[in-house]
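1. only geometry, no sequence info:
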């Protein structure tokens with residue numbers, strides 16, 4: 001009879017944030033497939049768990065998956081863990097889970113800590129609907145387009161960012177969001193030096209310049225705007241705003257005009273016409 005593959009959520013910082021069920025599964029399985037065996041060892045040592053581990057990360061997952069599936073077929077049960085939080089959520093594991101399911105192996109989720117839920121709940125925003133986007137792309141061109149699309153969401157948006165790129169991310173957000181748009185920043189959530197900030201994007205300039213730790217960013221939706229004005233704003237004001245957006249180097253002219261169109265409730269074609277008339 002085949003074994004079971006357990007997808008186990010582990011603490012995102014504080015080792016006390018692990019469920020009793022997760023600890024039982026980690027003790028009972030034959031092997032733990034871990035993103036980083038050294039990180040997982042700290043959790044296992046803390047709870048006196050002696051189960052063997054094997055590494056399974058982004059660089060070896062495709063190669064190791066067939067052998068792990070063979071072990072599951074042979075009757076061994078296995079736990080899949082990432083460095084923190086839930087595997088597959090911006091972490092490795094998708095190849096193994098998909099292969100196990102295709103092989104007819106039972107896959108069980110052991111839910112637990114979540115940086116997304118920790119940030120959303122502690123910031124006090126309406127949590128009936130929000131969008132999770134994982135990590136922004138690393139390539140500059142892709143990041144620029146990614147942040148431009150993010151600004152258009154009508155629900156709160158949650159994403160992760162690495163410490164060496166958080167400053168760039170906040171600078172990019174400042175070019176596409178209204179200055180008063182609220183942004184929540186969670187750093188080192190559940191750890192001793194946890195920091196949770198909710199502030200207009202315009203007030204975050206220069207903050208986290210030398211930051212360490214993992215970041216969870218929550219961008220609040222754009223505030224509701226009044227109806228379309230009967231007369232457009234002064235064209236000179238539009239041209240200045242357009243210039244500022246383009247000069248940031250993060251946006252194309254088309255993307256900048258789309259942002260102004262949403263900001264001032266003017267159809268993009270009409271905005272193009274107004275700007276062309278002013279030249």
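-> Nice, I can see it. In this text, all values refer to a predicted model and were calculated from it rather than measured experimentally.
2. Mind listing what's buried along the host helix or strand of residue 237?
-> Using DSSP states H and E, residue 237 falls within helix 235-247. Using 16 or more other C-beta atoms under 10 Å as the test for burial, helix 235-247 gives 238, 241, 242, 245, 246. C-beta coordinates here come from the backbone N, C-alpha and C atoms, glycine included.
3. Flag every buried residue along the one helix or strand in the chain whose mean pLDDT sits lowest.
-> Across the helices and strands of the chain, mean pLDDT, DSSP states H and E gives its lowest value to helix 268-277, namely a mean of 77. By neighbour count on 16+ other C-beta under 10 Å, the buried set for helix 268-277 is 271, 274, 275.
4. shaky segments in the stretch 101-250 of the chain?
-> 127, 223-233, 248-250 (pLDDT under 70).
5. 90 - rerun?
-> For the stretch 101-250 of the chain, applying pLDDT under 90 flags the ranges 123-129, 138-145, 148-155, 168, 171-172, 175-180, 192-193, 204-214, 221-250.
6. now the helices for it?
-> 115-123, 140-150, 166-176, 235-247 (DSSP state H, counting those that start in this stretch).
7. tell me what the shortest one is packed against?
-> This points to helix 115-123. Helices and strands touching helix 115-123, by 3 or more C-beta pairs under 8 Å, 6 or more residues apart in numbering; DSSP states H and E, are strand 157-161, strand 182-187, strand 195-200, strand 215-219.
8. Dump those into CSV; add mean neighbour count as well.
-> Formatted as CSV, those follow (neighbours: other C-beta atoms under 10 Å):
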stretch, mean neighbour count
strand 157-161, 21
strand 182-187, 22
strand 195-200, 14
strand 215-219, 24
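9. can you redo those as TSV with distance to residue 209?
-> Below are these laid out as TSV (distance: least, C-beta to C-beta, whole Å):
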stretch	distance to residue 209
strand 157-161	14
strand 182-187	13
strand 195-200	14
strand 215-219	13
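10. For residue 1, find the nearest of those.
-> With C-beta to C-beta as the criterion, residue 1 lies closest to strand 157-161 of these, at 38.4 Å.
11. Other residues contacting the closest one?
-> Strand 157-161 is contacted from outside by 90, 115-116, 119-120, 130-136, 150, 169, 214-219, 221, using C-beta atoms under 8 Å, 6 or more residues apart in numbering.
12. Just the buried subset of those residues, please.
-> Listed as buried from the contacts of strand 157-161 are 90, 115-116, 119-120, 130, 132-133, 136, 150, 169, 214-219, 221; burial here means 16+ other C-beta under 10 Å.
13. sorry, back to before: any idea which of the buried residues of helix 235-247 is closest to residue 15?
-> Using C-beta to C-beta, those come closest to residue 15 at residue 245, 44.9 Å.
14. count of neighbours near the residue lying closest to the closest one once chain neighbours are set aside?
-> Of all residues not flanking residue 245 in the chain, residue 256 sits nearest, at 3.8 Å (C-beta to C-beta, 6 or more residues apart in numbering). Number of residues near residue 256 (other C-beta atoms under 10 Å) recorded here: 22.
15. Also residue 21?
-> 13.
16. Hmm, residue 108 and it touching each other?
-> No. Residue 21 lies out of contact with residue 108 (C-beta atoms under 8 Å); the separation is 10.1 Å.
17. Show residues contacting the helix or strand hosting residue 21.
-> The secondary structure element spanning residue 21 is helix 20-28 (assigned by DSSP H and E). If you take C-beta under 8 Å, 6+ apart as the criterion, helix 20-28 is touched by 6, 8-10, 32, 44, 47, 49, 51, 77, 79, 81, 110, 112.
18. just curious, which of the residues you listed is nearest to residue 163?
-> residue 10 (20.4 Å).
19. picking that back up, drop the exposed ones from the contacts of helix 20-28 and show what's left.
-> Buried, going by 16+ other C-beta under 10 Å: 6, 8-10, 32, 44, 49, 51, 77, 79, 81, 110, 112, out of the contacts of helix 20-28.
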